[in-house]
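J.: Provided below are the primary sequence and the corresponding predicted coordinates.
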Amino acid sequence: MKIEQIYTGCLAEAAYYIESDGEAAIIDPLRDVTPYLKKAVKDNAIIKYIFETHFHADFVSGHIDLADKSGAIIVYGPTANTSFESHIAKDGEQFKVGRLTITALHTPGHTPESTTYLLQDENGRPHSIFTGDTLFIGDVGRPDLAQKGELTMEDMAGTLYDSLHNKILNLPDDVLVYPAHGAGSACGKHMSKETFDTLGSQKQLNYALKAATKDQFIKEVTAGLLQPPQYFAKNAAMNKNGYESFDEVYDKGFKALSTGEFELLANQTGAVILDARDSQIFAKGFIPSSINIGLNGQFAPWVGALIPDLTQPILLVVEEGDEEEAITRLARVGYDNTIGYLKGGIEDWKASGKDLDEVVSVSAEEFEGRINEDPLLSVLDVRKPGEYDAEHLELSLARPLDYINDWMEEIDPERTYYIHCGGGYRSMIAASILKARGFEKVVDIAGGYAAIKNTKLGRTDYACPSKAMKV
């Protein structure tokens, strides 16, 4: 028996490869399916099943492409309805993979079709559960993504409570819990950095599983939920209804464009120019009106949160060798219309004599000096509300990056704004978007709040755990 967790950190997503006696199963595969096919070839195994725990909202699954290339059967849980060929499992239905048995346990709550897969070893003993977004390490799935009709998120949370208590918590404590996500995913709010655990340990540590009553569970799991990113519903629809093959998406996007071709396409198509280089490198010179979302961070989720139209044409600016990675990550969240990348990168653009723009970036120490000169500087904190509430500069305004398209109209294009996040990644995204929308007087604070705390501004007379003072 082989069980391999394939964890993709930039999406905080876990897929699983299971193999026994020359037969394999894949659980919740990503869009780019080559790694799974290679694993099966290496093990001289045939991929028999592709198990989907639910219609994922935060990424486009590779189930359709993988089924086409491997001949495997796509399996969903009860109540699922797909526009492609799939097997809809009954609650309790069993599947054989070599000498292993995998049982579908219908566990609705996160979504109506959510299903946990129980794996029993060669001796029939419960070994592990693949819980999708039903049960995480340290958390449970949010119940607000798939409400239908008159159902509220409280109704879904109640259903999730019943699923956990009737189908999962009665399993042996030594059963391993393998979820679909870890810390950093927007599918939960208190997920651990650990990517698996025993069920017994989770009974002791997971706040949701320790709720004394169903009412307490509902109250706790529905409290403090942020609005889901706009791309979630669109990805769920793609997973349910089908999508363009990844190979076609890749071929369309992997086109090296000269500076002239790049500029012409940008003008003709209205493409977003997406610059995926490191934020501080971007700041020193970039194509005017381009947006910076660096590959060195949570690139795909931020693209999904900030570019509303999945069909929007995208032109890439990346470091040499990063073209394939950028196209792949975009496709993982449903952005299938990359139409090329700048050949030779920003150096070729510069060599052609074309204009470059810049974002002023200052160190935390320089920022401290400017605060001392002018205590009424306008400071935008683009971290998430929970980060801001925990601690922030007293003079800063809470303006979460997630909602920049909403609050942008509230700020004055004639004022100078100093922008920071936690470490510098998100603040440059915000600065680039504001620059592209005509806000010229933006200043990035390199290193973000982490660097600011190491200056005198980190003292209690500057930092504040309560609401910000308006500037």
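T.: Okay, I see it. Numbers count the residues shown, from 1 in each chain.

J.: output the lowest mean pLDDT helix or strand found in the protein.
T.: Taking mean pLDDT, DSSP states H and E as the measure, the helix or strand of the chain with the lowest value is strand 463-464, at a mean of 52.

J.: wait, is residue 402 part of a strand?
T.: No: counting by DSSP: H, G, I helix; E, B strand; the rest coil, one finds residue 402 to be helix, located in no strand.

J.: with adjacent residues omitted, what lies nearest to it?
T.: Nearest residue to residue 402, sequence neighbours excluded (C-beta to C-beta, 6 or more residues apart in numbering): residue 305, at 5.7 Å. For the C-beta atoms, the positions are set from N, CA and C on the backbone; glycine is no exception.

J.: so that neighbour is in contact with residue 228, correct?
T.: No: using C-beta atoms under 8 Å, residue 305 makes no contact with residue 228, being 9.5 Å away.

J.: who's more crowded, the two?
T.: Just comparing residue 305 and residue 228: by other C-beta atoms under 10 Å the higher neighbour count belongs to residue 305, 23 against 17.

J.: contacts only, for that one.
T.: Residue 305 makes contact with 229, 230, 231, 401, 402, according to C-beta atoms under 8 Å, 6 or more residues apart in numbering.

J.: just give the closest residue to the first one, not the sequence neighbours.
T.: What it means is residue 229. Leaving aside its chain neighbours, residue 229 sits nearest to residue 305 (4.3 Å; criterion: C-beta to C-beta, 6+ apart).

J.: so that neighbour, which of the three states?
T.: Per three-state DSSP, residue 305 ends up helix.

J.: now residue 191
T.: coil.

J.: which residues does it contact?
T.: The contact partners of residue 191, by C-beta under 8 Å, 6+ apart, come to 12, 136, 137, 138, 139, 181, 182, 183, 184, 185.

J.: list just the nearest of these to residue 254.
T.: residue 12 (26.1 Å; C-beta to C-beta).

J.: tell me how far stretch 8-18 lies from the chain's centre.
T.: Distance of stretch 8-18 from the chain centroid (C-alpha atoms, centre = their mean, to the nearest Å) equals 11 Å.

J.: same thing with stretch 210-230?
T.: Centroid separation for stretch 210-230 versus its chain: 20 Å, with C-alpha atoms, centre = their mean.

J.: likewise for stretch 306-325?
T.: 16 Å.

J.: how about stretch 295-303?
T.: Per C-alpha atoms, centre = their mean, the displacement of stretch 295-303 from the mean C-alpha position of its chain is 8 Å.

J.: same check, this time on stretch 378-393
T.: Here stretch 378-393 is found 21 Å from its chain centre; the criterion is C-alpha atoms, centre = their mean.

J.: one more: stretch 192-205?
T.: The answer for stretch 192-205 is 21 Å, by C-alpha atoms, centre = their mean.

J.: quick check: mean pLDDT of it?
T.: Average pLDDT, stretch 192-205: 96.

J.: what about the stretch 351-471 of the chain, any weak spots by pLDDT?
T.: 459-471 (pLDDT under 70).

J.: what backbone torsions are found at the residue of the chain most remote from its centre?
T.: Distance to the chain centre peaks in the chain at residue 373, reaching 40.0 Å (criterion: C-alpha atoms, centre = their mean). Backbone torsions for residue 373, taken as degrees, to the nearest 10, come to phi -80, psi -30.

J.: quick check: it vs residue 367, distance?
T.: 11 Å (C-beta to C-beta, to the nearest Å).

J.: also residue 126?
T.: According to C-beta to C-beta, residue 126 and residue 367 sit 55 Å apart.

J.: more neighbours: which of the two?
T.: Under the criterion of other C-beta under 10 Å, the comparison of residue 126 against residue 367 puts residue 367 first, with 24 against 17.

J.: now the host helix or strand of the more buried one: buried residues?
T.: Taking DSSP states H and E as the criterion, residue 367 maps to helix 364-373. Buried residues in helix 364-373, counted by 16 or more other C-beta atoms under 10 Å: 364, 367, 368, 371.

J.: ok, now stretch 93-106?
T.: Across stretch 93-106, burial judged by 16+ other C-beta under 10 Å covers 93, 95, 97, 98, 100, 101, 102, 103, 104, 105, 106.

J.: my guess is the first one contacts residue 103. True?
T.: If I follow you right, that is residue 93. Yes: judged on C-beta under 8 Å, residue 93 makes contact with residue 103 at a distance of 7.2 Å.

J.: which one of the buried residues of stretch 93-106 is nearest to residue 167?
T.: Distance to residue 167 across the buried residues of stretch 93-106 (C-beta to C-beta) is lowest for residue 105, with 4.6 Å.

J.: SS state for that closest one?
T.: Looking at residue 105 with three-state DSSP, the answer is strand.

J.: report pLDDT for it.
T.: In this model, residue 105 carries a pLDDT of 98.

J.: for it, name its beta-bridge partners.
T.: Counting by DSSP bridges, residue 105 forms beta bridges with residue 116.

J.: quick one: it from residue 366, how far?
T.: Note on residue 105: its distance to residue 366, by C-beta to C-beta, is 57 Å.

J.: how about residue 435?
T.: 19 Å.

J.: could you do residue 356 as well?
T.: Distance from residue 356 to residue 366, counting by C-beta to C-beta: 22 Å.

J.: repeat for residue 259
T.: Residue 259 is 34 Å from residue 366, by C-beta to C-beta.

J.: repeat that for residue 142.
T.: Here residue 142 is placed at a distance of 40 Å from residue 366 (C-beta to C-beta).
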